[in-house]
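A.B. asks: Sequence and predicted structure are below.
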Amino acid sequence: MYGKFEEFVYMAQARHMTLDSVEGRLYWVTMSKVETTFLNGEDYLEYFALEPFSNKQIISLTIDHDQKKLLWYVKGFEEQSLYMADLYHYHSNPADVKKSVKLAGTIQDIDR
């Protein structure tokens, strides 16, 4: 008789996704969060979350394998921002991954 298996499926409404095929991690954004998990749903981490009612949305993300960074684009009414963080597997502690999140730069509204 085989051991008991427990199936775990993580569900989210992804707006945009990217795959780190080397490490087998899926990264995705919803309107307000940047999240990651292994392809089998294990080892979930929330990278980043916008403040509720901030009038901002996370639009897309990409991986820069050369710099070992995850980058995502946040659009607001008055400014647009680019954030970056280390890829998950470059840290042994998930808290260090969250600490690596940095604002890379902003673009002010050109209508001003």
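C.D. replies: Right, received. Where do you want to start? Numbers count the residues shown, from 1 in each chain.

A.B. asks: Convert stretch 100-109 to PDB, retaining C-alpha atoms only.
C.D. replies: C-alpha atoms of stretch 100-109 as PDB (Å, rounded to 0.1, in the frame of the first residue of the first chain):
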ATOM      1  CA  SER A 100      15.400  42.600  -1.600                       C
ATOM      2  CA  VAL A 101      12.400  44.400  -3.100                       C
ATOM      3  CA  LYS A 102      13.500  47.900  -4.300                       C
ATOM      4  CA  LEU A 103      12.000  50.700  -6.300                       C
ATOM      5  CA  ALA A 104      14.100  50.900  -9.500                       C
ATOM      6  CA  GLY A 105      12.600  54.100 -10.700                       C
ATOM      7  CA  THR A 106       9.500  56.200 -11.500                       C
ATOM      8  CA  ILE A 107       8.000  57.900 -14.500                       C
ATOM      9  CA  GLN A 108       5.900  61.000 -13.800                       C
ATOM     10  CA  ASP A 109       2.700  61.600 -15.700                       C
END
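
A.B. asks: Give me the three-state assignment for the spatially most central residue of the chain.
C.D. replies: Here the mean C-alpha position of the chain is nearest to the C-alpha of residue 34 (Cα atoms, centre = their mean), at a distance of 3.0 Å. Secondary structure, DSSP: H, G, I helix; E, B strand; the rest coil: residue 34 is strand.

A.B. asks: Just list the residues touching it, thanks.
C.D. replies: 27-28, 46-49, 58, 61, 70, 72, 83, 85 (Cβ atoms under 8 Å, 6 or more residues apart in numbering). (Glycine included, C-beta is placed from N, CA and C.)
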